[in-house]
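Engineer: I'll drop the sequence and a predicted model, then ask my questions.
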Amino acid sequence: MTRNTIEEELKKGLGRLGVPDAPFAVSVPEKGFGDYSTNAPLVAAKELSLTPREVAQALLENIADGLPFVEKIEIAGPGFLNFYLSRSYLCDSLKSILSEGWKEGAVLAGKEILIEYTSPNLFKPLHIGNLVGNILGESLSRLLEYEGAHVRRINYPSDIGLTVAKGVWGLISTGGDPRDIKALGKAYQVGNTAYEDDVTAKGEIDDINKALYEGSNATLNVLREEGIRTSRAHLSALCAVLGTQFDTEFFESESGPLGRDIVLAHINDVFEKSDGAIVYRGEQDGLHTRVFLNSQGLPTYEAKDIGLFDLKSRAYPQFDTSLTVTGAEQTDYFKVVFAAIRRVFHDRLKNKNLHHIANGFLRLSTGKMSSRKGNVITGESLIEDIKAMVKEKMKNHPISDMEKVATSVAIAGIKYSILRQAAGGDIVFDPEKSLSFEGDSGPYLQYSYVRACSIKKKAQVENLVPEVSADMPISSVEKLLIYFPEVVERAALEYQPHLLTTYLTTLAGAFNSWYAKERIVEDSEAGRHKLAVTEAFRITMERGLWLLGIAAPQEM
């Protein structure tokens, strides 16, 4: 890529000057300061006992011959170097996009990456926190795949434990049908409230929890199994709408017993007894102590994650990195769990990485959110509410498949609102803004793509074909297009889809501003070149939207 080549030449140049390890950066500067800029002269000046401008001049003389695609290099400010790409290079890049599309990256080629996301508590509808994790996890999966990694998508639903016990107790209390997802949601709400407010109910639910772990009560087992089956079918349908298909599912009913046995097998060397429970002393790692088996001998979430790692690493023994996408509030939890896993499975973890990818908390701009006693906003209800808003906005526009387009636009509005934020940051979701066609929204990106598709169709009717011309002025769209592969690479390596979201928004804005000033469909050299720019934009936007998990509709 362009940036990589400039970086390599700068490293060589700094090496010839005697400072091969100077920690410089190559960045995209503000408009008017070239296509790329570097602070290399500034960071190397002190070590060389020269002024930054003297280093800049020396560097310029050392690297110019190795950058044939750069038209000129300027020394700017106190010692920056600004690089301007040649017209021929930009034209060749445009031709390459038209003829080959964007070739997938290879920076992660040969790597196997496990990514666990969504992972809801079953026995109730998917809540919006799981929705955020699903959207972030799916985009990350696509980015990593684009860069050559062999990605394994993993879902880890909670199918046993206190949440399920509360739901089973609630079904018994309400007489609800375990085959009805709404009845399951109501049952969980009733059980959760009772557990917190009623001492007698709390004891009953704890007994149900123990019986379900033991499998000792046939009636309770049937209720649990039917509820789990209903929840899984509901989850699968929602994931299909979101564009997610998992390679593997592991369940807490599998990981729990396994984790319990592993913890018991490592008492004294990794874990220790404390007041009837089994704990891990995280203080030895600068962390905190957590319980892995409670006083009843039941596995906590911590022990289940020990078992889960055993399941993952045996299913995919050649993995290089394991990513877990969950809420930011679990960051400290995973620090302790990962520390324990590294001690228990030190032989399996040689040259392997464990990472927690935090997703932020989503709240509505209206302030209306779920409470522990009801008023729960589920992922499904949020999608349906936004879809209804889309249909209302588009009711006067003739569209061949309103349901499909409305779903696509609603999902785009939600996904963009989540993916525009750096991973881990909280999200304020504004329903109206999420559907804006004025910019900074998913539908805005889709509309920009549809506009390019419309231009392509009109040109085809008039038998006009795109043709790149070196004689045409360089547009801002052409310059932005060249950054696409490096933005994608950085988003993948840093686990930050928001970098791509920001880039696509900037690109769409440049295209729409350019479109407003230009007549594109015309039979002339200028027209054919503008068609080439439009088609390259369309190809880039389509690929970028896919990487975000957003559909690219042909009409809207």
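Structural biologist: Here it is on my side, so go on. Numbering: from 1, shown residues only.

Engineer: hang on, residue 114 in a helix?
Structural biologist: No. With DSSP: H, G, I helix; E, B strand; the rest coil as the criterion, residue 114 is located in strand rather than a helix.

Engineer: once you drop chain neighbours, what's closest to it?
Structural biologist: Counting by CB to CB, 6 or more residues apart in numbering, residue 322 is the residue found nearest to residue 114 once chain neighbours are left out, at 4.4 Å. Using the backbone N, CA and C atoms, a C-beta is placed for each residue, glycine as well.

Engineer: the bottom helix or strand of the chain by mean pLDDT?
Structural biologist: Ranking every helix and strand in the chain by mean pLDDT, DSSP states H and E puts strand 362-364 at the bottom, with a mean of 84.

Engineer: residues in contact with that strand?
Structural biologist: 128-129, 131-132, 369, 377, 418, 426-431 (CB atoms under 8 Å, 6 or more residues apart in numbering).

Engineer: and the least confident of those?
Structural biologist: For the contacts of strand 362-364, the weakest pLDDT value sits at residue 369, with 47.

Engineer: okay, buried residues for stretch 88-98 please.
Structural biologist: Buried residues in stretch 88-98, counted by 16 or more other CB atoms under 10 Å: 89, 90, 91, 93, 94, 97, 98.

Engineer: my guess is the fourth one contacts residue 482, does it?
Structural biologist: Think residue 93. Yes. Counting by CB atoms under 8 Å, residue 93 touches residue 482, with 5.3 Å between them.

Engineer: give me the distance between the two termini of stretch 151-165.
Structural biologist: 34 Å (CA to CA, to the nearest Å).

Engineer: what's the answer for stretch 119-138, then?
Structural biologist: End residues of stretch 119-138 are separated by 13 Å (CA to CA).

Engineer: how many residues are close by residue 553?
Structural biologist: Neighbour count for residue 553, taken as other CB atoms under 10 Å: 20.

Engineer: quick one: residues contacting it.
Structural biologist: Neighbour list for residue 553: 404, 405, 408, 409, 446, 449, 450 [criterion: CB under 8 Å, 6+ apart].

Engineer: buried sites along the host helix or strand of the fourth one?
Structural biologist: In other words, residue 409. Following DSSP states H and E, one finds residue 409 within helix 402-419. By 16+ other CB under 10 Å, the buried positions in helix 402-419 come out as 405-419.

Engineer: state the mean pLDDT of stretch 290-302.
Structural biologist: On average, stretch 290-302 scores 95.

Engineer: let me fix that, I meant to ask about stretch 152-167.
Structural biologist: Computed over stretch 152-167, the average pLDDT equals 96.

Engineer: are any of the contacts of strand 362-364 buried, and if so which?
Structural biologist: In the contacts of strand 362-364, the ones that pass as buried (16+ other CB under 10 Å) are 128, 129, 131, 132, 377, 418, 427, 429, 431.

Engineer: could you check the angle the helix or strand hosting the fourth one makes with strand 112-116?
Structural biologist: This means residue 132. In this structure, residue 132 sits in helix 128-146 according to DSSP H and E. Using axes from the mean of the first three to the mean of the last three CA atoms, to 10 degrees, the inter-axis angle of helix 128-146 relative to strand 112-116 is 170 degrees.

Engineer: just checking, which helix or strand succeeds helix 128-146 along the chain?
Structural biologist: According to DSSP H and E, the helix or strand after helix 128-146 is strand 150-155.

Engineer: following that following strand, which helix or strand comes up?
Structural biologist: helix 162-174.

Engineer: so how far is that following helix from its chain's centroid?
Structural biologist: Centre-to-centre, helix 162-174 and its host chain are 33 Å apart (CA atoms, centre = their mean, to the nearest Å).

Engineer: got it, and stretch 326-343?
Structural biologist: 19 Å.

Engineer: i'd like the first residue to be 613 from this point on
Structural biologist: In the new numbering, first residue 613, that becomes stretch 938-955.

Engineer: name the residues that touch that stretch?
Structural biologist: For stretch 938-955, contacts defined as CB under 8 Å, 6+ apart pick out 729, 731, 741, 745, 878, 882-883, 892, 894, 897, 899-902, 904, 913-914, 917-918, 921, 936, 961, 966, 968-973, 1036, 1038.

Engineer: in helices, which of the residues you listed fall?
Structural biologist: Residues of the contacts of stretch 938-955 located in helices (DSSP state H): 741, 745, 913, 914, 917, 918, 921.

Engineer: quick one: which of those residues has the most company?
Structural biologist: residue 918 (29 neighbours).

Engineer: from residue 689, how far off is that one?
Structural biologist: 54 Å (CB to CB, to the nearest Å).

Engineer: residue 883 too?
Structural biologist: For residue 883, the distance to residue 689 - CB to CB - is 58 Å.

Engineer: those two: which has the busier surroundings?
Structural biologist: Between residue 883 and residue 689, residue 883 has the larger neighbour count (other CB under 10 Å), namely 26 against 15.

Engineer: could you tell me which residues make contact with the more buried one?
Structural biologist: By CB under 8 Å, 6+ apart, the contact set of residue 883 is 875, 890, 891, 892, 904, 952.

Engineer: can I get those residues in CSV with neighbour count?
Structural biologist: Listed next are the contacts of residue 883 as CSV, based on neighbours: other CB atoms under 10 Å:
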residue, neighbour count
875, 24
890, 24
891, 19
892, 28
904, 28
952, 27
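
Engineer: in CSV: those residues, plus distance to residue 749.
Structural biologist: Shown next, in CSV, are the contacts of residue 883 (distance: CB to CB, whole Å):
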residue, distance to residue 749
875, 27
890, 31
891, 30
892, 27
904, 26
952, 23
